[in-house]
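*Asks:* Sequence below, structure please.
(one chain, ligands or ions: 1)
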Amino acid sequence: MKSYIVGNWKMNFSVGESSVYLHKLQQKIRAFRSVEVIVAPSLVALQPLSLQVDRKKLRLAAQSANPHDFGAYTGEVSFTQLRGLVDYCIIGHSERRQLFHASDKDIRASVAAALRNQITPILCIGETETEHTFGETHDVVRDQLLGGLSEVSTEDISKVIIAYEPIWAISTTTGAHLASPDEIADIAKFIRRTLTETYGKEAGENIPVLYGGSVNPSNAGAYLTVPGINGLLVGGASLVADQFAEIIETAKKVQD
Ligand code: PGA
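*Replies:* Got it, this is the predicted structure:
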């Protein structure tokens, strides 16, 4: 199966800086059939970058969008408006859930809106530190997974990507809270089992499941070889083109 390396730039880089970064990254990486490289810049940079992107090497994603197609939603941008600019959209990132109160209803409507507009949803799921400590990870992961997918038909299920991001492992600088490959393997297996029970064997086996949480060039290889994991969602390390390119190279080597 293909590997997916997604760079989530969050609210970083001006439009000019985004363009310089993209230019640098495109010079550094080769086009690999086995690795799909995706970058998720700020909304404001998507339009100019869509004209600059070399689609043989990488694809663009939005970080979030509003599930309504049009209307009186001041300050929002819809999937319909993003259609043609991006191939992917990150949905339900923990920062959207926690800081902007994205509800389960918003998230499942966003997954449906993405599919309706030919944009591949990257549905993020993951438990908090407290939930982790209290052994609630499987329940939380199952609820977020099935909740987010509840408006997806059996026909469309093959068009989604899942990203498991334990919130306690995101952006840790000390390394004290890194998720271990064994923990991730357990959750990847659980996600696949849940998908199989709900959507059948093919979905359970073939839907890409990515891992995210403090991924960097030194740990990318270990995470990419976790059974059941098909790629990475990278925050901090994706802001440095050299580091992101190194992670992409690692993914290529793991695929070979
Ligand atoms: P991080 O971010 O790689 O900085 O931990 C990952 C994310 O929030 O998607």
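
*Asks:* if I've got this straight, residue 218 is in a strand?
*Replies:* No - the assignment for residue 218, made by DSSP: H, G, I helix; E, B strand; the rest coil, is coil rather than a strand.

*Asks:* separation between it and the ligand?
*Replies:* 13 Å (C-beta to the nearest ligand atom, to the nearest Å). C-betas here are computed from N, CA, C, even on glycine.

*Asks:* Same check on residue 151?
*Replies:* From residue 151 to the ligand the distance is 24 Å (C-beta to the nearest ligand atom).

*Asks:* List the residues that contact that residue.
*Replies:* When contacts are counted by C-beta atoms under 8 Å, 6 or more residues apart in numbering, residue 151 touches 108-109, 111-112.

*Asks:* Most neighbours among those residues, please name it.
*Replies:* The most crowded member of the contacts of residue 151, judged by other C-beta atoms under 10 Å, is residue 111 (27 neighbours).

*Asks:* Give the helix, strand or coil label for that one.
*Replies:* Taking three-state DSSP, the label given to residue 111 is helix.

*Asks:* May I have the phi/psi pair for the residue in the chain that the ligand sits nearest to?
*Replies:* Proximity of the chain to the ligand (C-beta to the nearest ligand atom) peaks at residue 235, 2.2 Å away. Torsion angles at residue 235 (phi, psi; degrees, to the nearest 10) stand at phi -100, psi -100.

*Asks:* Tell me which two of the contacts of residue 151 sit farthest apart.
*Replies:* 109 and 111 (7.4 Å; C-beta to C-beta).

*Asks:* And the strands in the chain?
*Replies:* 3-8, 35-40, 58-62, 88-91, 120-125, 161-164, 209-212, 231-234 (DSSP state E).

*Asks:* Alongside the ligand, which residues does the protein contribute?
*Replies:* 8, 165, 170-171, 212-215, 233-236 (C-beta under 6 Å from any ligand atom).
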